[in-house]
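Novice: Take this sequence and fold it.
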Amino acid sequence: MPSTGLGSIGLAFEPTTINPGEQVDNNGSPILTLQAVAATLSATNQPTGSTGMRCHVYVYGNTASGTVTIAGTDINGNSITETSPTIPIFDNTLQSNEVARNEYVTTNVYGTISASGITTTGLTNGTFKIGGIPGAKSLAPGIAKIDGKYDMYSPDEHRAIGDRHTHKVQTIKSVDVELTTTLYPNSALWVPYGILSNTLSTSITTSPGSPTSLLSSTAVSGSPLSLTTQPTAPGMHLILALTGTSVAGNFVITGTDAAGEALVETVYGSGTNPTVYTVNRFASVGSGGIVVTGFTSGSVTVTGVYGWNRSWLPSITNPPYTNTLEWFTGSASWTVPGVAWSELDLKYDVKKELSVAMKGMGQDQLPIGSQLTTPMTASRVSALAQPVDTPVAGWQCNVYFDPLSGTPGTTQYAYLMDGGIKITYPLETVHTLYNKQVYTVLGRAKYDVAVDGKIVFVDVVQYEKFRSDVKQYLVFKFYGKNTGAGNIFEVDVTIPFKFTKFVETSTPTDKYPMGEFSGIGEYDPAIGASYKISWLNSGWNPSFTS
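Specialist: From the prediction side, this is the model:
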């Protein structure tokens, strides 16, 4: 019996150098360009991205049933082979080739496709192509609502019959996406990348500013290796920088976490002199606790940090990332490429959680694996590590109002109770004449930020700012756990702010006078935009978006 309790959401970042969504046809690097079915073929292009790709097989016009088999490796170099279910004969009675196509999305995520690794049986007279869709990289705790739908056209004509509908056809496809979560230090880091910009306003920094040396350059041939200095309490993410190598390999690190529990993590590296990072924070690493496999030469240096610091300004020239989502509902498993976000609604309430809701549009919604399985109970999405970061509660916040001549985040305002910060970045999914039902291009308008709130009304200081239409800095600082040495997880939202409404309410039944306000962010040259977000001491390393 399917169970919604086992549902999951995974997320990957898509390349910024091509149009969003699936890499197929002339977008990006399709795995196989459209061609006649043959018994054996080699991929036109290899999968791209650090997470690898699912293969999306399209088959057209075949007069015999058959199968498609794809052989290759996963992103860790393990051999994988997958064969589609039997693909039925193409149905020529349907609206068009695209509507009638047979398709299959692999359950495996490929890092490489072997030479002559695409084989077929049957499928006589058919043509086929294979697109690439990124596999998910990280689990995104939350609740997803995804609605893929087709517009329709049904001509209303004089036909000498009384039936309204005679030939209904599909027009374009659209996919509405909503993902609701809460403010997590690590698991929600995708949010600013998805609604502000794909480029940080300043370079990523670490806490401490210079990573702590734990092992100076040491030959990997000496494996297993021991740290000469243990991570600083309560624990650190490890940075392992290789030199003198150009082959793939991995490190298996064994130690303990901040609670003293056993902790084992495997980190992989490939290419020339890679730098790799642990997702987990190690409080200690045992003697001989770093085992090296695959790297046959070179040396490694190990350092440690509490976390990484990032800041964003909204941007049109460097627009937000698009994402591929993987969604297991408890029955069906879906991949949703080309998700572009248009709205962030952050609700704060001193009595509740910090609610984060993202809304946007996807390019397509495709089932992963066989469409014939019934009942569907097993997940086919990527198996991802369970996040261990703790959500931030609503009361874990300070609010500040400061003049433009002052420093943002200096003068605390102690009377705000609840409200919201809403960032909008309007977009349009543009469908072009490309013989596709899905969108091919994204269009975006100007971005905007608005704030509303409810306060305890104790004076008219802020009302006077409303009356005289004064712009001032409004800063929200949301706080999480101490990450070490006085560093804490923190999200700062800085807004050059003007009130648009300010109302006091007071009735005999109220326990205290209350006020409600709303306002907007206005461009400020000192910041360089109408708002800014800083995400401090997160555990996600610089390769997060790769």
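Novice: strand partners of whichever strand or helix holds Glu103, parallel vs antiparallel please.
Specialist: According to DSSP states H and E, Glu103 maps onto strand 102-105. Paired neighbours of strand 102-105 in the sheet (DSSP bridges): strand 53-60 (antiparallel).
Novice: coming back round to it: can I get the strand holding Glu103 in CSV, CA atoms only?
Specialist: Taking C-alpha atoms only, strand 102-105 is exported to CSV below (Å, rounded to 0.1, in the frame of the first residue of the first chain):
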residue,chain,number,x,y,z
ASN,A,102,6.6,6.6,-26.3
GLU,A,103,9.0,7.7,-23.6
TYR,A,104,10.9,6.3,-20.6
VAL,A,105,13.0,8.0,-17.9
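Novice: can you give me how far that strand is from the chain middle?
Specialist: Relative to the chain's own centre, strand 102-105 is displaced by 24 Å; criterion: C-alpha atoms, centre = their mean, to the nearest Å.
Novice: Over to stretch 294-304?
Specialist: 30 Å.
Novice: got the domain boundaries for this protein?
Specialist: As assigned by automatic domain parsing, the chain contains the domains 31-135, 178-202+310-367+392-538, 209-305.
Novice: Let's have those in JSON lines, adding distance to Val381.
Specialist: To be clear about C-beta, it is placed using only N, CA and C from the backbone, and glycine gets the same treatment. Formatted as JSON lines, the domains of the chain follow (distance: least, C-beta to C-beta, whole Å):
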{"stretch": "domain 31-135", "distance to Val381": "9"}
{"stretch": "domain 178-202+310-367+392-538", "distance to Val381": "4"}
{"stretch": "domain 209-305", "distance to Val381": "18"}
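Novice: Figure out which of the ones you listed is closest to Pro20.
Specialist: The closest of these to Pro20 is domain 178-202+310-367+392-538. By C-beta to C-beta, the value is 3.9 Å.
Novice: Kindly check the end-to-end length of the closest one for me.
Specialist: End-to-end distance of domain 178-202+310-367+392-538: 24 Å, with C-alpha to C-alpha, to the nearest Å as the criterion.
Novice: repeat for stretch 199-211
Specialist: Across its full length, stretch 199-211 reaches 23 Å between end residues, using C-alpha to C-alpha.
Novice: Flag every buried residue along that stretch.
Specialist: 200-201, 206-207, 211 (16 or more other C-beta atoms under 10 Å).
Novice: How about stretch 44-62?
Specialist: Neighbour-count burial for stretch 44-62 [16+ other C-beta under 10 Å]: 44-45, 47-62.
Novice: Between the two ends of it, how far is it?
Specialist: One end of stretch 44-62 sits 21 Å from the other (C-alpha to C-alpha).
Novice: now stretch 89-109
Specialist: End-to-end span of stretch 89-109 (C-alpha to C-alpha): 27 Å.
Novice: average pLDDT across that stretch?
Specialist: Mean pLDDT, stretch 89-109: 96.
Novice: Tell me how far it lies from the chain's centre.
Specialist: 28 Å.
Novice: Could I get the buried residue list for it?
Specialist: Quick answer for stretch 89-109 (16+ other C-beta under 10 Å): 89-90, 101-109.
Novice: swap in stretch 146-154?
Specialist: Those buried within stretch 146-154 under the rule 16+ other C-beta under 10 Å are 146, 148.
Novice: C-alpha coordinates for stretch 466-484, CSV please?
Specialist: Output in CSV follows, covering the C-alpha atoms of stretch 466-484 (Å, rounded to 0.1, in the frame of the first residue of the first chain):
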residue,chain,number,x,y,z
PHE,A,466,5.4,56.6,7.8
ARG,A,467,3.9,60.1,7.8
SER,A,468,7.0,61.8,6.5
ASP,A,469,7.8,58.9,4.0
VAL,A,470,11.3,58.4,5.4
LYS,A,471,13.4,55.6,4.0
GLN,A,472,15.4,53.6,6.6
TYR,A,473,17.1,50.3,7.0
LEU,A,474,14.9,47.4,8.2
VAL,A,475,16.9,44.4,9.2
PHE,A,476,15.8,40.9,10.3
LYS,A,477,18.3,38.6,11.9
PHE,A,478,17.2,35.0,12.2
TYR,A,479,19.5,32.9,14.5
GLY,A,480,20.2,29.2,14.7
LYS,A,481,22.8,27.0,16.5
ASN,A,482,26.2,28.0,17.7
THR,A,483,28.6,26.5,15.2
GLY,A,484,31.8,27.0,17.2
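Novice: Just the buried residues of it, please?
Specialist: For stretch 466-484, by 16+ other C-beta under 10 Å, it's 466, 471-481, 483-484.
Novice: Kindly spell out which helices and strands sit in contact with the strand or helix carrying Thr483.
Specialist: Counting by DSSP H and E, the element that carries Thr483 is strand 472-484. Packing contacts for strand 472-484, counted by 3 or more C-beta pairs under 8 Å, 6 or more residues apart in numbering; DSSP states H and E, involve strand 397-403, strand 487-505.
Novice: What is the helix or strand just after the longest one packed up against?
Specialist: Past strand 487-505, further along toward the C-terminus, the next helix or strand under DSSP H and E is strand 514-521. Using 3+ C-beta pairs under 8 Å, 6+ apart as the contact criterion, the elements in contact with strand 514-521 are strand 448-456, helix 461-467, strand 487-505.
Novice: hang on, the earlier thing: export the helices and strands packed on strand 472-484 to a markdown table and tack on mean neighbour count and mean pLDDT?
Specialist: Shown next, in a markdown table, are the helices and strands packed on strand 472-484 (neighbours: other C-beta atoms under 10 Å; pLDDT from 0 to 100):
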| stretch | mean neighbour count | mean pLDDT |
| --- | --- | --- |
| strand 397-403 | 18 | 98 |
| strand 487-505 | 19 | 97 |
